[in-house]
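Engineer: The following block contains a protein sequence and its predicted model.
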Amino acid sequence: MSSEQPLVIGIETSCDETGVGIVRGTTLLADAIASSVDEHARFGGVVPEVASRAHLQAMVPTISRALSTAGIAPADVDAVAVTAGPGLAGALLVGVAAAKAYALALGKPLYGVNHLSAHVAVDLLEHGPLDEPCIALLVSGGHSSLLLVPRVGGADVTELGATVDDAAGEAFDKVARLLGLPFPGGPPIDRLAGEGDAGAIAFPRGLSGARDPAFAFSFSGLKTAVARWVEARRRAGEPVPAADVAASFQEAVADVLSAKAVRAAREHGVGHLIVGGGVAANSRLRALAEQRCAAAGIRLRIPRPGLCTDNGAMVAALGAQLVAHGATPSKLDIPADSTLPITAVLV
Amino acid sequence: MLVLAIDTSSAAVTAAVVELSPAAVVPLAGDVTVLAERVALNARGHGEYLAPGISECLAEAGAAPGDLAAIVAGTGPGPFTGLRVGLVTAAVMADLLGIPAYGVCSLDAIAGTQAGPLLVAADARRKEIYWARYLDGVRIEGPDVSRPADAVTFSGAMAGAGARLYADVLARPLVGPDHPSAGALVRCAADRIRAGAPSEALTPRYLRRPDAVEPGSPKAVTP
Ligand SMILES: [Zn+2]
């Protein structure tokens, strides 16, 4: 195998997407995904047992699809990478067991990797190698974190801050439900916000005071503020301007996220910001981050939306970095760890 | 014919490499030889113990994965999280090795060839059991899930960890093993293995729906 450009298959099952990706170094060869999102929609959120059942059903066909898209045989890969955590325990376990089965059947090294680090590494597939430190803003329905990453795919990641309550994506889901929009809430709010006035309602910016922790997030208060505002309107018998609510809410989220990310880059003297996770697909967050990074002289790297959401390619991308840098493979008895800390890039 | 047997439907995480005679032999006990077996008793360790167990069994049997002719996996019923570990492992290995995978009801592999009427029960948690009834090793009712007291009203012996757990309620002689045995798993699939039957989708016997409720309208945050 080429140690610089290893051929790696990556398996991801931390939430509701069964993802199997294949990369050669930083080149994407296949990105197969089976999503159970439609099965969760009527419950207004991801139901872990429903997700786990779907992962089991989808695993073999999704692996086959990735291999045939990449045009390789199963035994051609140099290594098997898998999300070992964090995520939903039962869902993670299906992917970890599948990856171990792959490694065992074909005698390949196994790499159990951190989901959050994989969200950062996926950017290499889109924008190429990055040889200097970066700040990573990871925002989705399951996580909201600011990381200091000395080297993408390296082992020494520091978490500068995270949400103290809801993840940013959860706030989108809850506000969407309040406005009668479908789950997941990100895309419909983004669309509706396009027709509204982002300055119409002054919703609070959580943890943005002078004495608040600079890099932590809070979205619970914002979600409650939106609910109170909407309920007051309804009680008074007045119409709810849903587009204005969506736009003002989205503005509050994008404002806090981009402001803290840019501040983190500045304070740590870092010239690059990578944004990942499902919320990175939000058009207002992308625009505001672009604008603020440009003003601060920071290079912004956001992968295309399809690579921002959970997928197997990101796991393969991180696996390829670990292989290329000679990391020691994982043992066959590694657990799936639903609360895996960000400092554990490789299990 | 070398067969990999897997069962993760109970607290006994089971892996074995088994030699199956190419043709049926008499007496029946001679057609299956367990070459290597690993059983880890750990209700929460399926994900950690199964793959190393398979690897050790292959090494002990002096076999490579490519030497396997088929994989047999217990499809439960059993606690879902652990059950899925065994089934996804069997399905992925079989697919990549290009060999067939066969499913066996895990309770059948506890019943084995026990003569006479038999109740097999596994612990379904929540004060319930997964159970099935057998006559001379043939399943005649179940598998089903219910409270031990509601399970059955027929005479006969019993087997399985669920039977041991609720022995006072079920009140009958405890005869069989607590968990599925690798030899019985392979014997249950012997005809299919020998015939080279097509690979099967390994569908878990869940018997219960996911716990999930559809939400009503959002709760008001203002009092
Ligand atoms: Zn994610």
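Structural biologist: Thanks, I have it.

Engineer: For chain A, give me the ranges with low pLDDT.
Structural biologist: Applying pLDDT under 70 to chain A picks out residues A:1-3.

Engineer: All the strands of it, residue numbers only.
Structural biologist: In chain A, strands defined by DSSP state E lie at A:7-12, A:17-24, A:27-35, A:79-85, A:110-114, A:134-139, A:144-149, A:158-162, A:272-276, A:299-301, listed in chain order.

Engineer: export those to TSV and tack on distance to the ion and mean neighbour count?
Structural biologist: C-beta here means a position set from N, CA and C on the backbone, and glycine is covered the same way. As requested, those are exported to TSV (distance: least, Cβ to the ion, whole Å; neighbours: other Cβ atoms under 10 Å in any protein chain shown):
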stretch	distance to the ion	mean neighbour count
strand A:7-12	8	30
strand A:17-24	9	28
strand A:27-35	13	20
strand A:79-85	9	30
strand A:110-114	11	28
strand A:134-139	7	28
strand A:144-149	10	24
strand A:158-162	13	17
strand A:272-276	8	26
strand A:299-301	17	19
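
Engineer: Could you pull up the residues touching the residue of the stretch 151-300 of chain A found nearest chain B?
Structural biologist: In the stretch 151-300 of chain A, the residue that lies nearest chain B is A:Ala227 (4.4 Å; Cβ to the nearest Cβ). A:Ala227 sits next to A:174, A:178, B:218, B:220-222 when contact means Cβ atoms under 8 Å, 6 or more residues apart in numbering or on different chains.

Engineer: Also B:Cys105?
Structural biologist: B:74-77, B:132, B:139, B:143, B:188, B:205.

Engineer: How much space separates the closest residue in space to B:Pro198 that isn't next to it in sequence from B:Ile193?
Structural biologist: Leaving aside its sequence neighbours, B:Pro198 sits nearest to B:Pro100 (Cβ to Cβ, 6 or more residues apart in numbering or on different chains; 6.6 Å). To B:Ile193, B:Pro100 is 8 Å away according to Cβ to Cβ, to the nearest Å.

Engineer: Need the overlap of contacts for those two.
Structural biologist: Residues touching both B:Pro100 and B:Ile193 (Cβ under 8 Å, 6+ apart): B:Ala70.

Engineer: just how off-centre is stretch B:173-182 within its chain?
Structural biologist: 12 Å (Cα atoms, centre = their mean, to the nearest Å).

Engineer: buried stuff in that stretch?
Structural biologist: Within stretch B:173-182, the residues that qualify as buried are B:176-182, counting by 16 or more other Cβ atoms under 10 Å in any protein chain shown.

Engineer: what's in contact with that stretch?
Structural biologist: B:5, B:7, B:9-12, B:14-16, B:18, B:34, B:37, B:39, B:74, B:106-107, B:109-112, B:114, B:118, B:120, B:157-161, B:163-164, B:167.

Engineer: returning to that earlier point: from the buried residues of stretch B:173-182, which is closest to chain A?
Structural biologist: The closest of the buried residues of stretch B:173-182, once distances to chain A are taken by Cβ to the nearest Cβ, is B:Ala182, at 17.4 Å.

Engineer: ok, so of the contacts of A:Ala227, who is nearest A:Ile302?
Structural biologist: A:Lys174 (24.3 Å; Cβ to Cβ).

Engineer: Near B:Arg172, how many other residues are there?
Structural biologist: 16 (other Cβ atoms under 10 Å in any protein chain shown).

Engineer: could you pull out the strands for chain B?
Structural biologist: B:2-7, B:12-20, B:32-41, B:70-74, B:101-104, B:117-123, B:129-135, B:138-146, B:157-159.

Engineer: which of those strands sits most buried?
Structural biologist: Neighbour counts (mean count of other Cβ atoms under 10 Å in any protein chain shown) averaged over each of those peak at strand B:70-74, with a mean of 30.

Engineer: List the strands paired with that strand, with their directions.
Structural biologist: Strand B:70-74 sits in its sheet next to strand B:2-7 (parallel), strand B:101-104 (parallel), going by DSSP bridges.

Engineer: Report the rounded mean pLDDT for it.
Structural biologist: Mean per-residue pLDDT for strand B:70-74: 98.

Engineer: if I look at A:Glu267, how far off is the ion?
Structural biologist: Going from A:Glu267 to the ion by Cβ to the ion, to the nearest Å gives 25 Å.

Engineer: returning to that earlier point: more neighbours: which of B:Pro100 and B:Ile193?
Structural biologist: Taking neighbours as other Cβ under 10 Å, B:Pro100 and B:Ile193 compare with B:Ile193 leading, 22 against 19.

Engineer: residue contacts, the closest residue to the more buried one other than its chain neighbours?
Structural biologist: Spatial nearest neighbour of B:Ile193, chain neighbours left out: B:Ala70 (4.8 Å); criterion: Cβ to Cβ, 6+ apart. If a contact means Cβ under 8 Å, 6+ apart, then B:Ala70 has B:1, B:3-4, B:94, B:99-102, B:189, B:193 as its contacts.

Engineer: Name the nearest of these relative to chain A.
Structural biologist: Nearest member of these to chain A, counting by Cβ to the nearest Cβ, is B:Ala94, at 8.5 Å.

Engineer: If we ignore the residues flanking it in sequence, what's nearest the closest one?
Structural biologist: Going by Cβ to Cβ, 6+ apart, B:Ala94 has B:Ala101 as its nearest residue, at 3.6 Å.

Engineer: Show me the beta-bridge partners of that neighbour.
Structural biologist: Going by DSSP bridges, B:Ala101 forms beta bridges with B:Ile71.

Engineer: give the contact list for it.
Structural biologist: Contacts of B:Ala101 (Cβ under 8 Å, 6+ apart): B:70-73, B:90-91, B:93-95, B:199-200, B:202.

Engineer: which one of those residues sits closest to A:Ala58?
Structural biologist: Using Cβ to Cβ, the contacts of B:Ala101 come closest to A:Ala58 at B:Ala91, 11.0 Å.

Engineer: Settle this for me: that closest one is touching A:Pro61, isn't it.
Structural biologist: No - counting by Cβ atoms under 8 Å, no contact exists between B:Ala91 and A:Pro61, whose distance comes to 10.1 Å.

Engineer: Of those two, which one has the most company?
Structural biologist: Taking neighbours as other Cβ under 10 Å, B:Ala91 and A:Pro61 compare with B:Ala91 leading, 26 against 14.

Engineer: Relative to the ion, how far out is that one?
Structural biologist: B:Ala91 is 25 Å from the ion, by Cβ to the ion.
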